[in-house]
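K.L.:
Predicted model and sequence below, questions to follow.
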Amino acid sequence: MGEGDEIMADDSALPLVLAAASGVATLLLASGLAFALTRRSKGGTAHTKQTEVAEAVVEELDMEKYPGGHLTIYYGSQTGTAESFAQQIAREGEDNGFMVHVVDLEDTEDEDGGPRQAILDGGKRDEHGRSRAVFLMATYGEGEPTDNAAQFVNLIKSKSGIKSNYNFEAELAEMDAANAADYGEEKKGEAGDDDDDGANGGDVDASYFNGLVYSVFALGNRQYEHFCAMGKLTDVALGRCGAERLTEAGTGDDDSDLEGDFENWKDNVMWPSLKRRFVAEGAMDKKVAAAPANGVGNDLPECQYVVEYVTDMSPGDAKADIVKSDEIHASTRHYFTAMDCPVKVSRELRTDKDPGSTVHMEIDISKAGDDLRYQTADNLGVLPVNDDDVVEAVAGALGYDLDAVFRLKPSPGHEHKHAALFPTPCTIRECLARYCDLTQAPRRSDLKLLASYAKDPMDRTALLRMSSKEGKAEYREKIVNAHIGIADIIARLCRSIEMPLEHFIAACPRLLPRYYTISSSSSMHPDAIHITVSVVKTEMEDGSLHKGVCSHHLAGIVENETVRVFCRDSSFRLPTDPSRPVIMIGPGTGIAPMRALLQERSHQRKKRRFGKGNVGKNVLYFGCKTPHQDFLYEEELKEFEKEGTLSNLRVAFSRTTEKKVYVQHLLADDANETWDLVEKEKASVFVCGGTKMGADVSETLRSIVSESGGMNTDDAKAYLDKMAAEGRFVQELWSA
C-alpha cells in the first residue's frame, strides 16, 4: 500500500475522526478520559469493550508555537544510533510545529500500567483522544530486539498474536485464515465464548493500542539475514493491535548510508505526513518567516544539562553520588553497574610470523559476587577507555582543566526529563576518558551541531557542507574513510570550535561498551572469565595507525591492572540433553564460544560422569590463514581431541593452497555426515564470526538440507528456521 493510501484523504473512513490541531492556547483533555471500542465477538455479535485510561494530566501547550501538538519518539537502540536519530527529530520539532518528547522504550516499563499506559499518555493526547508516536527500532544481531526494547517487543508480539521475530508473514496468513474459518462457523449459528480469543491465545487484543497514530523507522544492516526485523515487526504488530499507521515504514541500511536513509524518510515522509494531518493550513507561516536563513543563529543551541563545579573536592577524592536505579538513563546504565576486575592473564595467541595480534585474557571475578555470575559462552561487556593523548588534545583545544571535579545536573526546564547520564561528581579527565566517544566518526547530524560552535566562518562552512545531503560523498571520504573522530575535528581540523563542557557532553556520543563472547566454561572456571580479543589496527594513507579503542585498551592492560566489565546473556546454550551432538563453526576469534562449549562438554564427561556414551559428538570447524600463524588455541583443541571430547576437528587454512579454503567448503564436503547429525540425532549448530561467513555457512546448510533431505529451497529454509526457533541453530555474527 502506497503512502497516499496510508494517509487517506477521506478521514471519515477511520474508526475515530482525527482532525488537524486547532490554534487554541491550551490543549484541553477530559479528566478520567475513556472511550468505547467495538469488536466482533466469537459469537458474531457486537459488544462494547471499555478501555480504561488513567486520569489525564493536562499539559499546557502553546498552540501558536506547537500547532501540531505533542509527538513522542520512542527508540529501541543498542549502539545509540536510534537514540541519536530521536534527538535529531527533537531538535527539529519546534520548526515543524510539534512539541517532541524522546522516550527510551525501557522507560515505558516503569510506568503504572506499563508500556500501554505510557504510550497512550492522556496528558499528550489531542482533543480527539489520540496519541501520536514515532518508533525508531534497531535490530540487534540475527533478528533480535535491542536490550532496551526486548520487553516492549514481547508485549506487542503477545497482543498481536505474532510468535516469530521475522518469519511472521506466513504465520499471520495462517492466523487470519483460522479466524476467517471461525467467523464462518459463527455465521452458521455456532455461538462461542466472548472472552475466547481463538487460536491465538487469550493475550491477543486487537484494540490494545486503539487511540495511537504511529510511524516506524527501522534501522538495520543488510549484511544480516533478517534485515530490519524489529522495525518491520513493530510496524505490523502495532497495526494489528488497533493503532493507526500514519506512514509507510522506513528502512535504513547501516551497510550503505543509514543516516541518508533516515534523513530521506524523515524529511520526505515523516514530517510532511505529520504536518498534513495535524497542522492547520497557514499555522506554520510565521514560523518559517522567523527562521534564520542559514539555519545557524548566534546563540548556542539549547542544552539539557548544566555543569556544577565542585571546588571543595580534590581529583583523588571524587566520589560519585548514589543514584537510584530508576533515576539512571537506561541506555547508559552500564556506566553505573559495571565492575572493576583484575586481569590475571594476558598472552598473545598468534605466532611472531603473523603481523596481527589476538590476545587471550583471563579476568578474575572471584570478588565480584553475584553481579558477575555468568553462564558458559555468555557475552562480556567491556567499557573501553580513550588514550591519554586523545583526552589531553580535546581538553587543551577546549580549555578544560582535566583535574576539575564537576556534577552534571539538568538545566532549568529539563528537570522532569533528567536521568543520570554517568556517575558524577567526577573529574573532566574521567568524563572524557570513559564516557565520551572521541575517536569514532561522528554522523553528519553531529557535524551540523558542531558547526553551531565554530567561530571561524570557514570551519562552520566546511562542517555544514559535509553535514548536508549534497556533501555526503565528501563526508564519507574525509570523515568516515579517514577515521576522523570528534577529537580530530576539535583539536586539529576546526580549532575555532568553542564549547562549554555541558554542551560538549550533550553533543558528543557516549563511549559504548564492546561485547566479547566469553571463551570459558562457568563450570570449569566459576571465578574467572576468559575472552579472546582481536586487536584492531588499520594503517592509514599517511602512514599513521588507526587503533580500535577497546581492543587497544585491553591489549595495553598488564597483569593485575583492572578492566571495567559486566555480563550479558548470549544465545549459545548447549542442549539440555547432553547426548545430543553439537556442530560448532567458528573461524578466527569466532572460536571463543566454541572453546567455552568444549570446556563445558569436557566437564560434563569428566566431572558429571555422564560417561563417553552419554555425551554427544562434538564437531568443530575452525578457520585461519596458516597453521604457523594464527591457529588459535591449537594445543587445547588437540587435547580435546585426545581426551575424546572433540570428535572431529576440521580446520580450513585459507592461505596454504592455491585456491582459498574456508569453513563452508569443509562443511559442504561433510554434507552427508552433517545431515545425519542434524536430522537423525537432532544436533545443534552454533556459528560465530563475521556476517559474510555466516551468510555463506547458512547457504551451505540450506543446500545440505535441500539435497540430503530431498527438499526444495523454501522448505529447506523453513527447516533451518524451525531449528533456530528451537534454539538448535544459533548464530552470533558481527559486521565488518
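P.N.:
Received it, and whenever you're ready, just let me know what you need.
K.L.:
Going by contacts, tell me the helices and strands next to the helix or strand hosting residue 592.
P.N.:
Here residue 592, judged by DSSP states H and E, is contained in helix 591-606. Using 3 or more CB pairs under 8 Å, 6 or more residues apart in numbering; DSSP states H and E as the contact test, the elements touching helix 591-606 are strand 514-517, strand 528-534, strand 582-585, strand 618-624, helix 634-643, strand 684-690. No exception for glycine: its C-beta is placed from N, CA and C like everyone else's.
K.L.:
Going toward the C-terminus from the longest one, what's the next helix or strand?
P.N.:
In other words, helix 634-643. Later in the chain than helix 634-643, the nearest helix or strand by DSSP H and E is strand 648-653.
K.L.:
Direction included, what does that next one pair up with?
P.N.:
strand 618-624 (parallel) (DSSP bridges).
K.L.:
Just the CA atoms of the partner strand, as CSV, please.
P.N.:
The C-alpha trace of strand 618-624 is given here as CSV (Å, rounded to 0.1, in the frame of the first residue of the first chain):
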residue,chain,number,x,y,z
ASN,A,618,31.2,-32.5,19.1
VAL,A,619,32.3,-31.4,15.7
LEU,A,620,34.3,-28.2,15.2
TYR,A,621,35.0,-26.2,12.0
PHE,A,622,37.8,-23.7,12.6
GLY,A,623,39.4,-21.4,10.0
CYS,A,624,42.6,-19.4,9.9
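K.L.:
How about residue 210, nearest residue that isn't a chain neighbour?
P.N.:
residue 242 (3.9 Å; CB to CB, 6 or more residues apart in numbering).
K.L.:
Can you get me a residue count around residue 354?
P.N.:
By the criterion of other CB atoms under 10 Å, residue 354 has 17 neighbours.
K.L.:
quick one: it from residue 540, how far?
P.N.:
21 Å (CB to CB, to the nearest Å).
K.L.:
Check which helix or strand residue 664 maps to.
P.N.:
Per DSSP H and E: helix 663-669 holds residue 664.
K.L.:
so what's the spatially most central residue of the chain up against?
P.N.:
Most central in the chain under CA atoms, centre = their mean is residue 78, positioned 2.5 Å from the mean C-alpha point. By CB atoms under 8 Å, 6 or more residues apart in numbering, the contact set of residue 78 is 138, 140, 146, 147, 148.
K.L.:
Contact partners for the closest residue to residue 78 other than its chain neighbours?
P.N.:
In space, and not counting its chain neighbours, residue 78 is closest to residue 146: 4.1 Å by CB to CB, 6+ apart. By CB under 8 Å, 6+ apart, the contact list for residue 146 reads 76, 77, 78, 82, 138, 139, 140, 230.
K.L.:
which one of those residues has the most neighbours?
P.N.:
Result: residue 82 is most packed of those (other CB under 10 Å), 31 neighbours.
K.L.:
so who does it touch?
P.N.:
Contact analysis of residue 82 by CB under 8 Å, 6+ apart lists 75, 76, 136, 137, 138, 146, 219.
K.L.:
in the protein, which ranges drop under the pLDDT threshold?
P.N.:
For the chain, the stretches flagged by pLDDT under 70 are 1-59, 110-113, 178-202, 286-298, 608-613, 736.
K.L.:
List the buried residues in stretch 138-156.
P.N.:
138-150, 152-153, 155-156 (16 or more other CB atoms under 10 Å).
K.L.:
outside of stretch 508-516, which residues touch it?
P.N.:
With CB under 8 Å, 6+ apart, stretch 508-516 has contacts from 79-80, 84, 331-332, 334, 338, 379-384, 386, 421-422, 434-438, 440, 442, 446, 486, 531-533, 549-551, 566, 568, 592.
K.L.:
Now do the end-to-end distance for that stretch.
P.N.:
One end of stretch 508-516 sits 25 Å from the other (CA to CA, to the nearest Å).
K.L.:
quick revisit: mind checking which of the contacts of stretch 508-516 are in strands?
P.N.:
Using DSSP state E, the members of the contacts of stretch 508-516 that fall in strands are 379, 380, 381, 382, 531, 532, 533, 566, 568.
K.L.:
In the stretch 101-250 of the chain, mark out all the strands, start to finish.
P.N.:
Using DSSP state E, counting those that start in this stretch, the strands of the stretch 101-250 of the chain run over residues 131-140, 144-145, 212-220, 244-245, 250-253.
K.L.:
Turn the ones you listed into a markdown table, including distance to residue 556.
P.N.:
Shown next, in a markdown table, are the strands of the stretch 101-250 of the chain (distance: least, CB to CB, whole Å):
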| stretch | distance to residue 556 |
| --- | --- |
| strand 131-140 | 29 |
| strand 144-145 | 32 |
| strand 212-220 | 33 |
| strand 244-245 | 50 |
| strand 250-253 | 35 |
